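>>> Need coordinates for the below:
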Amino acid sequence: MSDLRPARALGRLLLGHFRRHRDRGLQDVATGALRQASDRTSWVVAILNLTLRVRRWLHHVCYLAPRRAATRLRYHGPGPEPAVHRTMSLLCPTRSRPDQAALLLRSLSGTAVAPQRVEVLFYVDADDPDLAVYRELAGEAPRRFPRLGGCVLVVGEPIGVPAAWNVLAATASGDLLMMANDDQRYVDYGWDVALDARVGELVQGCPDEVLCLYFDGGQYGERGRDFPIVTRAWYDALGYFVPEIFSQWEVETWVFDIAERMERLICVPGVFVEHLHYHDYKAPFDATYQRHSMTREKSFADHALFLRTLPQRLAEVTKLRAMAGTRADGASADGARGGAPLDSAGLWFVDHLADSYGRVAEELDRWLTASDASWDADGGPSTATGTDWRRTVLFRDGAWTAVAESDLPLLRDVLAAIPEATLPPDTLIDLAVLNAGGAAPVALPGHPGTTVVWALRVPSGTEAGAGDTRVVWSPGQCLLFPAAPPVVVRCGGDGELVVLRWPSVDGVRP
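Numbering: from 1, shown residues only. Below you'll find the predicted structure:
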């Protein structure tokens, strides 16, 4: 059971009820428990799911239901009538969860002001054991949910979730195509009016209507977007709803990344759509999760593929810009570019680096004490910027250098687990040292874009910034530094500053 005895696996899974214990390895424990369930070990999943059902019930009673009632009481009407009332199509692949599909329909019907403009499309596999129940649900939908605009059931061969979204998009008739899952619950009353009004505002400045939106549910943080909503114009320009090259992960990230590059990624504030995902311990672990084989290895592979497909996304941006007539240089409307330094809190590997910092710092101290000749061996002093930096290259041309392999193996292994650092073409990782009292630009020589900088040894008083912006660094901190305006770091006077640098993947923003 993911190399754990059943009792220990259950204890590990129960600890997942506390957010601080939901590390990356927990996903593998859960997947192993589902796969290896037998007469002897099935009690592990049964007990875990019992606690999850209780948790979900308490969450509904104590939070979701009161919030839904409060938003209905606070609703004051749609406001000024938009010039055009847009129809909406929710695209929902589902398997072996007809009860969950029915709850999604109920939440939509109960929270939409004008549900007659909303159609829901379900994709169900032809071999789904609950297909007959889904057919019954679709047949009874006009009676059970008479206010909804329609409930369409599409039955086909098992093709995977991304491909199912595309089949549903090709079938849909709505002006807005909304990604959906059967573990969603619409909570705030009037979400449809808020979405329609937001689009109506935007088309005043974007008459081409090439837009991508998302609801700001408040549960994922400022950068935690979930479930993209695209306009018909967006869909027609690209010819598909989502890419089908990924197993499961990164599908939404692909859409959001293109939209952000287009500067057409827009939030619809004030709407909470609950995502009852097993990752957040909001839903039981069932056969559907097991079928998708949601392992950490597949997640890593999808992320690596996302990094390698940046050229394809850039091509899609060009296609959309040609239709929308927006600027091709990616600058914002006010011409602002860059800033210093950038927040890195949204990058997944920040926690990974923080967890590894103590051991890496010890290894680095041993190496710096034992040898100072390696600075010239793999790169030598940096003359590209005419600064006080001394550097040694650790990774270049797709391979680790001798210093990384023989002298800093722990640091090498930590970096090897970050695909953003090693997979992009022409990437480079170096270790750089700035003398006490020195000042120099942070940018990585030969890489004019944003630079990821991990501070390994930081004298007190070290600062980094541009213009009037200043950030005081601390050991172990990871920051992003844009190319423009140039960011200068000023080393404190009581020691050397040692940092690790690599070029940021343009498609991965904090």
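>>> all contacts plus neighbour counts: C-alpha atoms, from now on.
Will do.
>>> I'd say residue 429 and residue 502 touch.
Yes: counting by CA atoms under 8 Å, residue 429 touches residue 502, with 4.6 Å between them.
>>> Check the contact lists of those two and give me the overlap.
residue 421 (CA atoms under 8 Å, 6 or more residues apart in numbering).
>>> and residue 482, how far is that from residue 261?
Between residue 482 and residue 261 the distance is 16 Å, computed by CA to CA, to the nearest Å.
>>> Which parts of the stretch 301-450 of the chain are strands?
390-396, 399-400, 428-434, 439-441 (DSSP state E, counting those that start in this stretch).
>>> how about those in a markdown table, adding mean pLDDT, distance to residue 156 and mean neighbour count?
Output for these, formatted as a markdown table (pLDDT from 0 to 100; distance: least, CA to CA, whole Å; neighbours: other CA atoms under 10 Å):
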| stretch | mean pLDDT | distance to residue 156 | mean neighbour count |
| --- | --- | --- | --- |
| strand 390-396 | 91 | 47 | 22 |
| strand 399-400 | 94 | 45 | 15 |
| strand 428-434 | 92 | 46 | 22 |
| strand 439-441 | 84 | 57 | 20 |
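>>> Nearest residue to residue 135 in space, ignoring adjacent ones along the chain?
residue 153 (7.3 Å; CA to CA, 6 or more residues apart in numbering).
>>> Doesn't the one you found belong to a helix?
No: counting by DSSP: H, G, I helix; E, B strand; the rest coil, residue 153 is located in no helix; its state is strand.
>>> I'd say it and residue 137 touch.
No: counting by CA under 8 Å, residue 153 stays clear of residue 137, with 9.2 Å between them.
>>> check contacts around residue 110.
By CA under 8 Å, 6+ apart, residue 110 lies in contact with residue 189.
>>> in what helix or strand does it lie?
Secondary structure from DSSP states H and E places residue 110 in helix 98-111.
>>> Domains in this structure, by residue range?
Using automatic domain parsing, the domains assigned to the chain come out as 1-74, 79-324, 349-503.
>>> bridging residues for residue 265?
Bridge pairing for residue 265 (DSSP bridges) gives the partners residue 212.
>>> For it, the count of nearby residues, please.
20 (other CA atoms under 10 Å).
>>> Am I right that it is in contact with residue 253?
No: with contact defined as CA under 8 Å, residue 265 does not count as touching residue 253 (11.9 Å).
>>> what touches both of the two?
Between them, residue 265 and residue 253 share no contacting residue, judged by CA under 8 Å, 6+ apart.
>>> ok but residue 10 is inside a strand, no?
No: counting by three-state DSSP, residue 10 falls outside a strand, being helix.
>>> wouldn't it be in contact with residue 48 here?
Yes: between residue 10 and residue 48 there is a contact under CA under 8 Å: 7.1 Å.
>>> residue boundaries of the helices in the stretch 51-200 of the chain?
Assigned helices in the stretch 51-200 of the chain, in chain order: 65-74, 98-111, 131-144, 161-171, 191-205 (criterion: DSSP state H, counting those that start in this stretch).
>>> and those helices, which is most packed in?
Of these, the one with the most neighbours on average (mean count of other CA atoms under 10 Å) is helix 161-171, at a mean of 21.
>>> which residues sit against that one?
91-93, 121-123, 154, 177, 179, 240-244, 246-248, 251.
>>> Show me where the stretch 251-400 of the chain dips below the pLDDT cut-off.
Along the stretch 251-400 of the chain, segments meeting pLDDT under 70 span 278-280, 283, 285-299, 325-346, 371-387.
>>> Now do the helices in it.
Under DSSP H, counting those that start in this stretch, the stretch 251-400 of the chain gives helices at 251-262, 287-291, 296-308, 310-324, 349-370.
>>> related to what we said a few turns ago, for the domains of the chain, which has the smallest mean pLDDT value?
Among those, domain 1-74 has the lowest mean pLDDT, at a mean of 73.
>>> What residues are bridge-paired with the residue nearest to residue 135?
Using DSSP bridges, the bridge partners assigned to residue 153 are residue 122.
>>> Could you check how far it is from residue 458?
Look at residue 153 and residue 458: by CA to CA, they are 60 Å apart.
>>> Look at those two and report which has more neighbours.
residue 458 (23 against 19).
>>> The more buried one contacts residue 474, correct?
Yes: if you go by CA under 8 Å, residue 458 and residue 474 touch, sitting 6.2 Å apart.
>>> if we can go back for a sec, show me the contacts of helix 161-171 that map onto strands.
Using DSSP state E, the members of the contacts of helix 161-171 that fall in strands are 91-93, 121-123, 154, 177, 179.
>>> count of residues packed around residue 365?
By other CA under 10 Å, neighbour count at residue 365 equals 12.
>>> on that earlier part again, with residue 147 as the reference, name the closest of the strands of the stretch 301-450 of the chain.
Among those, the nearest to residue 147 by CA to CA is strand 428-434 (57.4 Å).
>>> Which neighbours in the sheet does that closest one have, and how are they oriented?
strand 390-396 (antiparallel), strand 497-503 (antiparallel).
>>> Mind checking those for the one nearest to residue 446?
The nearest among these, by CA to CA, is strand 497-503 at 9.6 Å.
>>> quick one: contacts for residue 504?
Residue 504 neighbours (CA under 8 Å, 6+ apart): 420-421, 449-452, 480.
>>> Give the buried subset of the contacts of helix 161-171 as a ChimeraX selection command.
Buried residues among those (16 or more other CA atoms under 10 Å), as a ChimeraX selection:
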select :91,92,93,121,122,123,154,177,179,240,241,242,244,246,247,248,251
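>>> Apart from its chain neighbours, what residue comes closest to residue 433?
Closest to residue 433 by CA to CA, 6+ apart is residue 498, at 4.6 Å.
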